[in-house]
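# Predicted model follows, preceded by the sequence.
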Amino acid sequence: MRTHFALAFALLALAPVPALAETQDEQNACMNDAFSVCGHAIPDRHRVGACLAQNIHRISGPAAL
């Protein structure tokens, strides 16, 4: 579990600024999608991004306000 948090932190810390979600809830949703849909690609952020783009139908939609 500790490894997941370290990888998630590294993934978010290395992401380009425009790609970061704006709120903590959005960040959590992105992190959950990255692990559940594209966990095999972590820690390579380029592979994660490509994986999420290829699996866009499987990732979370925008949070309701």
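Perfect, thanks for sending it. Numbering: from 1, shown residues only.

# give me the low-pLDDT residue ranges for this protein?
Applying pLDDT under 70 to the chain picks out residues 1-22, 62-65.

# mind listing the strands for this structure?
Read by DSSP state E, the chain holds no strands at all.

# how close does residue 57 sit to residue 24?
To residue 24, residue 57 is 25 Å away according to Cβ to Cβ, to the nearest Å. For glycine as for every other residue, the C-beta is placed from the backbone atoms N, C-alpha and C.

# Of those two, which one has the most company?
Comparing residue 57 with residue 24 by other Cβ atoms under 10 Å, the one with more neighbours is residue 24, at 8 against 5.

# Which helix runs longest in the protein?
helix 24-38 (DSSP state H).

# Show me what that one is packed up against.
helix 2-14, helix 45-54 (3 or more Cβ pairs under 8 Å, 6 or more residues apart in numbering; DSSP states H and E).

# Counting neighbours, what do you get for the closest residue to residue 40 other than its chain neighbours?
Using Cβ to Cβ, 6 or more residues apart in numbering and skipping the chain neighbours, the partner closest in space to residue 40 is residue 51 (7.7 Å). By the criterion of other Cβ under 10 Å, residue 51 has 20 neighbours.

# Residue 53 now?
Using other Cβ under 10 Å, residue 53 has 10 other residues around it.
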